[in-house]
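*Asks:* Structure, please.
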Amino acid sequence: MDGKHQVLQEYFGYDAFRPGQGELIDALLAGRDAFGVMPTGGGKSLCYQVPALLLPGVTVVVSPLISLMQDQVTALKKAGVAAAYLNSALTQAQIDQVCRRLLAGEYRLLYVAPERLLADRFLAVVQRLDIAMVAVDEAHCISQWGQDFRPSYLEIQDFLASLPRRPVVTAFTATATQAVRQDIVRSLGLRNPQTFVTGFDRPNLYFEVQQPSNRNQAVLDTLARFPGRSGIIYCLTRKNVESLCELLQEKGFFATRYHAGLDPQERQENQEDFLYDQKQIMVATNAFGMGIDKSNVSFVIHCGMPGNPESYYQEAGRAGRDGGPAQCILLFQQKDIATNRYFIEHSEGDDPALTPEQAEALRKQSLHRLRQMSSYCTAPGCLRKKLLGYFGEQAPDRCGNCSNCLSGQPPEDATALGRQFILCIALLARENRAFGAEAIIKILRGVDDPALEWLRPRRLDCFGSLSAQPAKKLRQVSAALIDQGYVRQTEGQWPVLELTEQAPGLVTKSDHLWIKPLPDRRKARAALPRGEADGALLVKLKEVRSALARQAGVPAFMIFSDATLQDMCRLVPRTREEFLEVKGVGNVKAQRYGKAFLAVLSQWEGPEQAEGR
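*Replies:* Presented below is the predicted three-dimensional model:
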């Protein structure tokens, strides 16, 4: 067994690496810069933690959030790895103690916030250390064209230049288009990095889009699928977080809240309640979640559409990090597009470090990503294919694990409706008029609106031509026309629809326009059930885990993940040697916790054991 596999088994309890992990680790051990693009929950942290235990010296991990550092350092210590972090949550005395132990050679990994890299006191310490590797987590934060740009990340290159010897440098991200990947490599100064893109797909995640008229009721209906399970509900605004959290608490759910308007102490307390399973549901804005390594999240519900696919996939990916089946449900309404457009128009480009040209380019890029996100919400085909295609990855036409694939309803041919849309836009253009989608839908449906009185004397042929069609279906037609390239939506505060060069193809040629059929009033088909572990044994093992977590003062999933407990149920180990065969059980954890779990497992008599007597 080579060194990296020995470390993997000894400290982390796994027998094999996931695709791409072993090759990336080999590159780092050979002294080569590396860049890993792996989905959320895809095992990025192991790619720098394993070589950190094999390389001589200290590995510095640049991490953007306090919670991320704390969780990873706690988990490493539980696995028997000497690690520490430096951030603003520590007192000066605690910082001094960490620095003394660093200089004494007691730590292999040091997590640090990017804002601290160029501080004089920190530089004075690290320049006396043998820095073997610098790992940059959430590397998309360095790109102005990414979804979460942080100017402090731009200081990483200066930090590297300040070191007596340039170490191996590696960077990781979960969500980055090709343009953002190129920007990361350039901005970090990676030297001929070996790049590993392991694929964005998370096969264990089920994706679903609903378009409910009442989102609160849709949330309640959806939560009925997950009795007693842990999950996150994202809302677009603080006001929505407050009202939904209050509703859930009134309905008897153990829910808490998180948004930037809360006092920092309350945010921390609420986050810990969720991490430690004191509260099962976290209702939050997008201020919550980056770096939250909670493995037993069974569902993520978006009560409102995020502004871009990167944010959506990153937030949805917080479900099922232990590899078990999990669900990602997006509750979309047309007004979400306007809400996100408002956020973009009133916030993009506010960074004083950006030139006016850069700010405008950033705003246009954000509007483009918004159109891609709204296209996902109305897509008639496979949702997984739509998401993966955005990141440049090919996927089959059907995944068999999303609401569109499982609906049993084929896409609907809306060519005739699309032609009426195109005719209306063309007739308006002859009148030197242009409108947004909602106004055009009113014209097509013949809605009596004072703002459209000017149309009456002109007797447009298209007025009322689709009066029998529901507005919701015509919104889908509008979105499909844009998505499939027949119509473009202009930029600016008041966007209007214009025809593209492709538009005649839908009118005069054999082109077809496909839309997602409206769901019937019957309850939508839920995700297909996957194989579940023995329920009664799993409950007992969770009780043991909870007791151990309380004694250690850590979240339960840091003892063992749900996936590890399910593997125990599958294998039912009776001895310490058999216990080490369970995925996620290493020597350190077997020594600490094996006795408690084996006390239950060795006495367990399930159906298979009973039949064997």
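*Asks:* residues touching L86, list them.
*Replies:* Applying CB atoms under 8 Å, 6 or more residues apart in numbering, we find L86 in contact with 95, 98, 110-113, 116, 122. From N, CA and C alone the C-beta is placed, and that goes for glycine too.
*Asks:* Closest to F196 out of these?
*Replies:* Y111 (22.2 Å; CB to CB).
*Asks:* Could I have the CA atoms of the helix or strand where the closest one lies written out in CSV?
*Replies:* Using DSSP states H and E, Y111 maps to strand 109-112. Extracted in CSV, the C-alpha atoms of strand 109-112 (Å, rounded to 0.1, in the frame of the first residue of the first chain):
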residue,chain,number,x,y,z
LEU,A,109,-2.3,22.1,8.5
LEU,A,110,-3.0,25.8,9.2
TYR,A,111,-6.3,27.3,8.0
VAL,A,112,-6.2,31.1,7.6
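*Asks:* which of the contacts of L86 has the most neighbours?
*Replies:* Per-residue neighbour counts (other CB atoms under 10 Å) across these peak at L110, which has 25 neighbours.
*Asks:* now F196, what's its secondary structure?
*Replies:* strand (DSSP: H, G, I helix; E, B strand; the rest coil).
*Asks:* how many neighbours does it have?
*Replies:* With other CB under 10 Å as criterion, F196 counts 19.
*Asks:* What residues of the top helix by length along the chain count as buried?
*Replies:* Determined from DSSP state H, the single longest helix within the chain is helix 356-377. Within helix 356-377, the residues scored as buried using 16 or more other CB atoms under 10 Å are 359, 361-363, 365-367, 369-377.
*Asks:* Which elements pack onto the strand holding Y111?
*Replies:* Packing partners of strand 109-112 (3 or more CB pairs under 8 Å, 6 or more residues apart in numbering; DSSP states H and E): strand 58-62, helix 66-78, strand 83-86.
*Asks:* which one of the ones you listed is the most hemmed in?
*Replies:* Comparing the helices and strands packed on strand 109-112 by mean neighbour count (mean count of other CB atoms under 10 Å), strand 58-62 ranks first with a mean of 25.
*Asks:* which helices and strands does that strand pack with?
*Replies:* Checking 3+ CB pairs under 8 Å, 6+ apart, strand 58-62 ends up next to helix 44-52, strand 109-112, strand 131-136.
*Asks:* Contacts made by whichever helix or strand comes after the second one with the rest, please.
*Replies:* The C-terminal neighbour of strand 109-112 among helices and strands, as given by DSSP H and E, is helix 120-126. Residues outside helix 120-126 that contact it (CB under 8 Å, 6+ apart) are 60, 86, 99, 102-103, 112, 116, 159, 162-163.
*Asks:* and of the contacts of L86, the nearest to A338?
*Replies:* Among those, and counting by CB to CB, the member closest to A338 is A113, at 35.5 Å.
*Asks:* List the buried residues in stretch 539-559.
*Replies:* Applying 16+ other CB under 10 Å to stretch 539-559 flags 540-542, 544-545, 548-549, 554-559 as buried.
*Asks:* just curious, which of the residues you listed is nearest to Q265?
*Replies:* Out of the buried residues of stretch 539-559, the member with the shortest distance to Q265 (by CB to CB) is P555, at 19.0 Å.
*Asks:* low pLDDT regions in the stretch 151-300 of the chain?
*Replies:* The model of the stretch 151-300 of the chain has pLDDT under 70 over residues 290-292.
*Asks:* need the strands for it, in chain order.
*Replies:* All strands of the stretch 151-300 of the chain, identified by DSSP state E, counting those that start in this stretch, fall at 168-173, 194-197, 205-210, 230-235, 255-258, 281-284, 297-303.
*Asks:* now those in JSON lines, with distance to K583?
*Replies:* Shown next, in JSON lines, are the strands of the stretch 151-300 of the chain (distance: least, CB to CB, whole Å):
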{"stretch": "strand 168-173", "distance to K583": "22"}
{"stretch": "strand 194-197", "distance to K583": "23"}
{"stretch": "strand 205-210", "distance to K583": "19"}
{"stretch": "strand 230-235", "distance to K583": "20"}
{"stretch": "strand 255-258", "distance to K583": "31"}
{"stretch": "strand 281-284", "distance to K583": "27"}
{"stretch": "strand 297-303", "distance to K583": "19"}
